[in-house]
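> one predicted model, sequence on top.
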Amino acid sequence: MKVISAVLLVAVVWSQEWKSALSDSIIHIGAIFDEAARKDDEVFRLAVADLNLNNEILETEKITISVEFVDGNNPFQAVQEACELMNRGILALVSSIGCMSAGSLQTLADAMHIPHLFIQRSTAGTPRSACPQTGRLPGTDDYTLMVRPPVYLNEVIMQVVSEYSWQKFILFYDSDFDIRGIEDFLDRTSQQGMDVSLQKVESNINMMITSLFRTMRVEELHRYRDTLRRAVLFMSPATAKAFITEVVETNLVAFDCHWILINEEISDYDLQELVMKSIGRLTLVRQTFPMPQNATQRCVKHNHRINNSLCDPKNPKSQQLEITNRYIYDTVLLLANTFHRKLEDRKWHSMASLSCIRKNSKPWQGGKSMLDTVKKFGVSGLTSFLEFTDNGTNPNIFFEILGTNYGEDRGRGVSRLATWDPVHGLNGTLTDRKLENNMRGVVLRVVTVLEEPFVMVSENVLGKPKKYQGYSIDVLDALSNYLGFKYEIYVAPDHKYGSLQPDGQWNGLMGELVFKRADVGLSALTITPERESVVDFTTRYMDYSVGVLLRKAERTVDMFACLAPFDLSLWACIAGTVLLIGILVYLLNWLNPPRLPMGSVSSTTLYNSMWFVYGSFVQQGGEVPYTTLATRMMMGFWWMFALIVISSYTANLAAFLTITRIENSIQSLQDLSKQTELPYGTVLDSAVYDQVRSKAMNPFERDPMYSQMWRMINRTGGGENNVEESKEGIRKVKYGRFGFVWDAAVLEYVANNDEDCSFYTVSNTAPDRGYGIAMQHGSPYRDIFSQRILELQQNGDMDILKLKWWPKDSPCDLYGSVQTRQRGSALDIHSFAGVFCVLAAGVVLSCLIAMVESWWSRRKGSRVPSKEDDKEIDLEHLHRRVNSLCTEDESPHKQFSTSSVDLTPLDMDALPAARQALEQISDFRNTHITTTTFIPEQIQTLSRSLSAKAAAGFSAGFGGGGGVLQDHRTGGVGPFRQRAPNGGFFRSPIKTMSSIPYQPTGPGPNFGYGNDPDRGTSI
């Protein structure tokens, strides 16, 4: 009970104070605001406070207010609150609500004769639409005054679009916008033949964009992107920022787009954010209020000073003012001036409280006079000048058209392009400013494909952006330096140039441009009709032609390259000839034995004949002196034959070690198409692939050469001979039998920079296409890029850039099909590996033969001699030989050589080893045969050893047996062994036989041979 009593007491006290205040003040204003617009109430109270402090306007009177908040979409609530305010006794009603509730308030104000100053507020900041006309009884006055001017958005946007000469664009509007407000605009565009599309922007923008990608086919999506290049936005700043951000992030628009945003309620803060988020060109249309440049004049209006927080543009609170806030302040100022005039005229009609509920309630008698006073005068305030026409509208409205031009930075400031008002229309020009030579601040996104020498990675540091170099990069840098733009470059995700897929989508570099993910496409990109249908190309900056990369016929690294000058059959003939001539020489000497000189150790055996013929063939001489005419005649012709063969071999070997004589028959594309032994192909689904296919399949342009090439390239559906990328094709040419058909410029660079110079190229002489820079369809940069490229070509700068990557002084022969050595290059080990192998084989074979001979000698020496091993000595033959030697020894002029006497007629073999010789010598110690001869130098050691065992100064060796011989100067004799029945000698028993004394025929000169250690006696 105590609590209830306290509440009642407070209510009574408050009512008494309210009645006292009301009785003290005769100026009472009521206000109804949308409950979502609390800032309107704040500005309203601030305006009342400023005027209550101004004694010049109301003198001693003060303004009292009553404020109610309603749901803008609830007319019944608005009428109910208005009736409550009228019951309190108000002189005017100020409302800031939507059109739906405003219509009900208008009817009530007309019935109660209460001046109603209506400030139209749009829902959620969307552009205004004209409120529908409210039905009024005939003869009644309209007590509602439209503080905000009529909606002129249709007229403004129509003139802007016409100034830009747009014929096709799309119009976006948000869900809170009343589309009936642009019916007149759509009718006028239709009459002028403009193609306008409408699309509603849902509240969930991300879902809306996702559904577009999911539901639209590729062709529809491409057309939709083209439509988005020109767009008009009827939406709130908040929705516009979200929408622009989403379409930019999804690459639905690019730098060549141009969008127009129209809304009266665009603050400076919203303006900067919109420009930051947008790309391309952005035009904004908003309402503006002309203000004096002087700060004092902006805040002082006649006899009233406006609060600095509202009139100073540098004040943050002033920057956040909405248009409705400005009109509310000026409305209060206008009412205050009206009350001031009514007080001066003393025509004040005080009013009692009105009741809206009673049927017999009469309207306010002073309402008409108050309404006329409000219409009669105007006031200067935050909205420039507020006044009303006879029909109760505010005629003063101004629009400013702000925007950016192509070539400015993202996040740039905006400039005023033109203004518009209902009286003068458009003041200024909106024609697109050409780029000319100013693209400073533009950042282009460039997509590329790595292709030597057009685009290559020059530096790839972990954590840093890749740096690129190449001919196309040099061209782009030249354009960038002249035009002032910057660029960001990246490689296409699939590393392909791109082609139209079966599902209608483009992949590779072309797909990045079609889907608006890149602004410029740059690489070894050729201009084709298919590509030009979806993107724009600049003028060609380099000619293009199709070529083929082939591997030069090179010298094969062979260990037996020394045998290469002669064919195998020729080598066989030479070997057979050596054997044949050796046999013939032996036979000729066998038929007519030559007379050998005294002291010669050579013989005319088959082995020696073969050795002599081989030695003369390799120009190393021989050991057997042939004296017969037939043999000399044959050897003469043989030496001539050997001279010719060796000279030819030497000359041909030098040629084989310096140059390969194998010639390649492919010298043109026609040669390539005619042959089928060498497979060739290109990159699958590339421009070259499409060009060969089109020229081979087109009935109006069918070329036999391309038809044959297409049959090879398209073998097994194109999968056999074609590759996925150009690098793979180059590798196949280098390490296999393959011909790679590709851009001639790329192939020339590859052949020119190969370390081994193992490539050569064949191409068409007449280029039929060119390399160009690709851009998005409708890009504003195409013309300026093409113009600058033409200037670079005319100035010769393009040729200088080209010589950097295709120099004239190439180290490799790009068009020769034979690989040659450079002058003065040394021969490598591979060229003589076979010679060393032959020498090594000879050394190994000689060692093996030496081991076999040593083994055989030891085996033969270890055997016990048998009867059959004794050699027979023909006494008669021996007697004749000894007499012949003695006769020659007595010749006073005889000069003996240091060679030993050939005892071949005695059927004696070559000298055996030293140990065997000692054993054989002991068998002839008892013979009486003595003679003198000379010992060769190679057995001096043997002679000395034998002299120690036998007589001093004597040594001898026999093939089958021997005896100890005494020097004839000492007259020593020795017994012969017993003669065997077969003419030989027995080893035992030794019997005494008749001796054969040696008697000199006459005195001869003493040569002193006994003192020569190199001489001895042997039989």
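Thanks, I have the structure now. Numbers count the residues shown, from 1 in each chain.
> for residue 543, what is the enclosing helix or strand?
Secondary-structure assignment from DSSP states H and E places residue 543 in strand 542-544.
> now that strand: buried residues?
542, 544 (16 or more other Cβ atoms under 10 Å). Quick note: C-beta positions are derived from backbone N, CA and C, even for glycine.
> what's the first helix or strand after it?
strand 546-551.
> against which helices or strands is that following strand packed?
For strand 546-551, the elements it packs on are helix 669-674, helix 687-697, helix 726-735, strand 739-743, helix 744-752, strand 759-763, judged by 3 or more Cβ pairs under 8 Å, 6 or more residues apart in numbering; DSSP states H and E.
> quick one: distance of the longest one to the chain centre.
A distance of 24 Å separates the C-alpha centroid of helix 687-697 from that of its chain, computed with Cα atoms, centre = their mean, to the nearest Å.
> what angle separates the helix or strand following that helix from strand 739-743?
Sequence order places helix 704-713 as the next helix or strand after helix 687-697, per DSSP H and E. Angular relation of helix 704-713 and strand 739-743 on a 0 to 180 degree scale: 120 degrees, by axes from the mean of the first three to the mean of the last three Cα atoms, to 10 degrees.
> check what contacts helix 704-713 and list those residues.
669-670, 672-674, 676, 679-682, 689, 692-693, 695-697, 721-722, 741 (Cβ atoms under 8 Å, 6 or more residues apart in numbering).
> what mean pLDDT does that helix have?
Across helix 704-713, pLDDT averages out at 83.
> same question, stretch 387-400
92.
> so residue 642 sits against residue 619, correct?
Yes: Residue 642 lies in contact with residue 619 (Cβ atoms under 8 Å); the separation is 7.2 Å.
> and residue 729, how many neighbours does it have?
Each residue near residue 729 was counted by other Cβ atoms under 10 Å, and the total is 25.
> how about it, nearest residue that isn't a chain neighbour?
residue 740 (3.8 Å; Cβ to Cβ, 6 or more residues apart in numbering).
> re earlier: which of residue 642 and residue 619 has more residues huddled nearby?
Neighbours per residue (other Cβ under 10 Å) separate residue 642 from residue 619, with residue 642 holding more: 21 against 10.
> state whether that one is indeed within a strand.
No: under DSSP: H, G, I helix; E, B strand; the rest coil, residue 642 sits outside any strand and is assigned helix.
> from residue 571, how far off is the residue lying closest to it once chain neighbours are set aside?
Of all residues not flanking residue 642 in the chain, residue 617 sits nearest, at 4.5 Å (Cβ to Cβ, 6+ apart). In this view, residue 617 and residue 571 are 13 Å apart by Cβ to Cβ, to the nearest Å.
> again with residue 528
From residue 528 to residue 571 the distance is 58 Å (Cβ to Cβ).
> next one: residue 55
133 Å.
> residue 223 now?
In terms of Cβ to Cβ, residue 223 sits 77 Å off from residue 571.
> count of neighbours near residue 314?
8.
> circling back to that earlier point, can you list the helices and strands packed on strand 546-551 in TSV and add mean pLDDT and distance to residue 311?
Shown next, in TSV, are the helices and strands packed on strand 546-551 (pLDDT from 0 to 100; distance: least, Cβ to Cβ, whole Å):
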stretch	mean pLDDT	distance to residue 311
helix 669-674	81	81
helix 687-697	81	66
helix 726-735	86	69
strand 739-743	86	68
helix 744-752	85	68
strand 759-763	82	76
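> more neighbours: which of residue 528 and residue 571?
residue 528 (15 against 12).
> excluding chain neighbours, give the residue nearest to the more buried one in space.
Using Cβ to Cβ, 6+ apart, the nearest residue to residue 528 is residue 687, at 5.6 Å.
> go ahead and confirm the one you found touches residue 526.
Yes: judged on Cβ under 8 Å, residue 687 makes contact with residue 526 at a distance of 4.7 Å.
> residue 776 pairs with what?
residue 535 (DSSP bridges).
> in terms of pLDDT, where does it sit?
85.
> go on, the one 5 residues further on?
Residue 781 carries a pLDDT value of 83.
> cool, and residue 189?
For residue 189, the predicted pLDDT is 91.
> check contacts around it.
Counting by Cβ under 8 Å, 6+ apart, residue 189 has contacts 158, 161, 196.
> ok, now with 6 Å
With contact taken as Cβ atoms under 6 Å, 6 or more residues apart in numbering, residue 189 is in contact with residue 196.
> against residue 156, how distant is it?
Counting by Cβ to Cβ - residue 189 and residue 156 are separated by 14 Å.
> any idea how this protein splits into domains?
27-149+298-386, 152-288+398-428, 443-544+778-804, 549-554+664-766, 568-595+602-658 (the TED database).
> could you dump these into TSV with distance to residue 860 added?
As requested, the domains of the chain are exported to TSV (distance: least, Cβ to Cβ, whole Å):
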stretch	distance to residue 860
domain 27-149+298-386	126
domain 152-288+398-428	98
domain 443-544+778-804	76
domain 549-554+664-766	56
domain 568-595+602-658	19
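> so which of these is nearest residue 813?
Closest approach to residue 813 among the domains of the chain (Cβ to Cβ): domain 549-554+664-766, 6.8 Å.
> distance from the closest one to the middle of the chain?
21 Å.
> name the element the residue nearest to residue 451 when sequence neighbours are not counted belongs to?
Nearest residue to residue 451 in three dimensions, chain neighbours excluded: residue 524, at 4.3 Å (Cβ to Cβ, 6+ apart). Under DSSP H and E, no helix or strand contains residue 524.
> count the residues that sit near residue 524.
By other Cβ under 10 Å, neighbour count at residue 524 equals 25.
> now it: how far from residue 213?
On the measure of Cβ to Cβ, residue 524 and residue 213 end up 31 Å apart.
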